[in-house]
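Asks: With the input below, show me the fold.
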Amino acid sequence: MKPRERREALAALAAADAAFLHTVDELLAAGRERAGGAVACRIGCTECCTGLFDITALDAFRLRRGLAALAQDDGDAARGVVRRAQRQWLELRDTFPGDCDSGVLWEDEAAREEFFARHATLPCPALEPRTGQCLLYASRPLSCRSFGLPIRCGGELLPPCRLNLVGVPAEELPALAVDPDPTCREGELLGRLAALGGGCGDTIVAAALAPGRRRAARVCTRRRGRLTTPLPAAPRRGRLR
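Replies: A predicted model of the protein is given here:
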């Protein structure tokens, strides 16, 4: 594919992703409305912004586009995100359970869980420390968007944030649950991104945003003869994956 054709295809993918997110956000907004005042999520409540978790190649693609847009609007804020991502990646890379050159995680669930547990107190690089605001909110990963409400993911019911739906009986949670991607649209978009050489395998936010790690979105790595895939991983930390 010629460079111009690839740019146009990536732009079309970004537009398709925006439409997908619009649908996801509408489903989640309807879920919050059903929950009424039992949802405590707000700017400054950052418990779910602390700790590492894996994101898809599509999430990383979206975050980088969001960072580029932020750089156009507020260069200082964007540089702050990049600095935090760089510092965090330098801290994490020696124990990163994946390919450090690409930033792609290996498909070793036990190693991922151990790594995430070891760094459970690290804040997201996109979090503005003084205000508790996500500076890449419009471009945040699907896991971040769906966290808070009870989520239906396949045959599994993921619990809500511990700060939400306090006092709601457990037997009422299924009626409040949301399936943000009932048609598996994310998997389709991941396949399109991989076909364009734009990403294959999971990563983390710091690796996606740190300078020098940007090529992670164009690399597939192997471990023990298994190729990382662009398909969503299993649910983690009560988030949709």
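Asks: Could you tell me which ranges of the chain sit under the pLDDT cut-off?
Replies: Low-confidence segments of the chain (pLDDT under 70): 213-241.
Asks: ranges for the strands of it?
Replies: Remark: strands assigned in the chain by DSSP state E are 98-99, 104-105, 127-128, 133-134, 151-153, 156-158, 222-223, 226-227.
Asks: Which one, of those, ends up nearest to A77?
Replies: When those are compared by Cβ to Cβ, strand 127-128 sits nearest A77, at 7.4 Å. (Glycine included, C-beta is placed from N, CA and C.)
Asks: From the contact counts, what lies against the longest helix that the chain contains?
Replies: The longest helix of the chain (DSSP state H) is helix 3-35. The contact analysis (3 or more Cβ pairs under 8 Å, 6 or more residues apart in numbering; DSSP states H and E) places helix 3-35 against helix 57-73, helix 142-146, helix 173-176, helix 185-195.
Asks: Any buried residues in the first one, and which?
Replies: When burial is assessed from 16 or more other Cβ atoms under 10 Å, helix 57-73 yields the following buried residues: 57-67, 70.
Asks: likewise stretch 94-103?
Replies: Buried positions in stretch 94-103, judged by neighbour count with 16+ other Cβ under 10 Å: 96-100, 102-103.
Asks: which of the residues you listed sit farthest apart?
Replies: Among the buried residues of stretch 94-103, P97 and S102 lie farthest apart (Cβ to Cβ), at 12.9 Å.
Asks: which residue is nearest the centroid of this protein?
Replies: What sits nearest the mean C-alpha location of the chain, by Cα atoms, centre = their mean, is P141, with 2.9 Å.
Asks: which residues does the residue lying closest to it once chain neighbours are set aside contact?
Replies: In space, and not counting its chain neighbours, P141 is closest to D59: 3.7 Å by Cβ to Cβ, 6 or more residues apart in numbering. Residues counted as contacts of D59 (Cβ atoms under 8 Å, 6 or more residues apart in numbering) are 141-143, 208.
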